[in-house]
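K.L.:
Pasted the sequence and its predicted model underneath.
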Amino acid sequence: MHRKKGERFEVANRLQGESLVRKSLLRGFEDGDQIRLLPDLNVVKVGGHGIMDYGREVVLPLVQEIGNLSREHKILVATGGGVRVRHILDLGLDLGMPTGVLAELAGKISEQNAIMMSLLLSPWHGVRIHTGDLLELPMLFHMGVLPVIHGTPPYGLYEQPAEIGFIPPHRTDTGAFLAAELLGAKNLVLVKNVDGLYTANPHTNKDAEMIPEITAQELLEMDMEDLVLEPKVLEMMVYSRVIREVKIVNGHKPGNVKAAVEGKRVGTIIKA
């Protein structure tokens, strides 16, 4: 390679000499195709606060439903945290922990739930996997495995500062969304303890009305005080390449997850 003094080393390519932030350059790749590793995958996120914390009365029927579904559909189960996340965040906030440390602490709880869920799903070949194992899923499904992953995305200590307060903005709903987007999944189902998205918290406001369908942008513009899912999911949906809708269903009602996976109308659909 010959170069003049003061010139940078370059390798000929379409991005040669670019800063990678020039908008017209980025737009030139806007229509590029993204490979879908598992286009028939269903990511089912089981809430910690809405499902796991209720114990066997709610969890075991849902395990049976997901296990039976896995015999006919490819399913990746992602687990949330729940009441123990609230406890550790409360302690961490009281002690002045940085947002990144809070993210690390909260992630340990969803990992515990992933271990328990994978053991409960063992009759259907449930296996707990780690975030680094996602690209192994095509092989694991070929082996008949039902994978279970904890939902906390691996930002860890590098979690971005929260827009309001200190609680980590990327939590388990966001992690499930990012996994589904990466893998090119067909469905993302968030399993909660309410029938869907409401105009207010239906547990505390009897006048709350259910919203059967809405776009992510419309929901962001409503700037609601409280939401049944993490706002980061909505922000990411606006720019999603693969996941064009997110389904919210009530896991306390048998058959809802099955209906959502099979494409039937149930709960709330948030469209990108």
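P.N.:
Perfect, thanks for sending it.

K.L.:
contacts and neighbour counts: CA atoms only from here.
P.N.:
Fine.

K.L.:
which other helices and strands contact the strand or helix carrying residue 58?
P.N.:
Residue 58 is part of helix 56-69, with elements assigned from DSSP states H and E. Contacts defined by 3 or more Cα pairs under 8 Å, 6 or more residues apart in numbering; DSSP states H and E place helix 56-69 against helix 99-120, helix 256-261.

K.L.:
how about 10 Å then?
P.N.:
If you count contacts as 3 or more Cα pairs under 10 Å, 6 or more residues apart in numbering; DSSP states H and E, helix 56-69 packs onto strand 41-46, strand 74-79, helix 99-120, helix 256-261.

K.L.:
Let me know the average pLDDT across it.
P.N.:
Taken as a whole, helix 56-69 has a mean pLDDT of 98.

K.L.:
got the angle for that helix vs helix 99-120?
P.N.:
Calculated by axes from the mean of the first three to the mean of the last three Cα atoms, to 10 degrees, helix 56-69 forms an angle of 70 degrees with helix 99-120.

K.L.:
Would you mind writing the CA trace of helix 56-69 as CSV?
P.N.:
Presented in CSV, the C-alpha positions along helix 56-69 are these (Å, rounded to 0.1, in the frame of the first residue of the first chain):
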residue,chain,number,x,y,z
ARG,A,56,-48.4,-21.4,41.0
GLU,A,57,-52.0,-20.5,40.6
VAL,A,58,-51.2,-18.2,37.6
VAL,A,59,-47.8,-19.5,36.5
LEU,A,60,-48.4,-23.2,36.1
PRO,A,61,-51.4,-23.0,33.8
LEU,A,62,-49.5,-20.5,31.6
VAL,A,63,-46.5,-22.9,31.6
GLN,A,64,-48.7,-25.7,30.4
GLU,A,65,-50.1,-23.4,27.6
ILE,A,66,-46.7,-22.3,26.4
GLY,A,67,-45.3,-25.8,26.6
ASN,A,68,-48.1,-27.2,24.5
LEU,A,69,-47.8,-24.4,22.0
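
K.L.:
Adding mean neighbour count, write the helices and strands packed on helix 56-69 out as CSV.
P.N.:
CSV is the format used below for those (neighbours: other Cα atoms under 10 Å):
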stretch, mean neighbour count
strand 41-46, 25
strand 74-79, 28
helix 99-120, 22
helix 256-261, 21
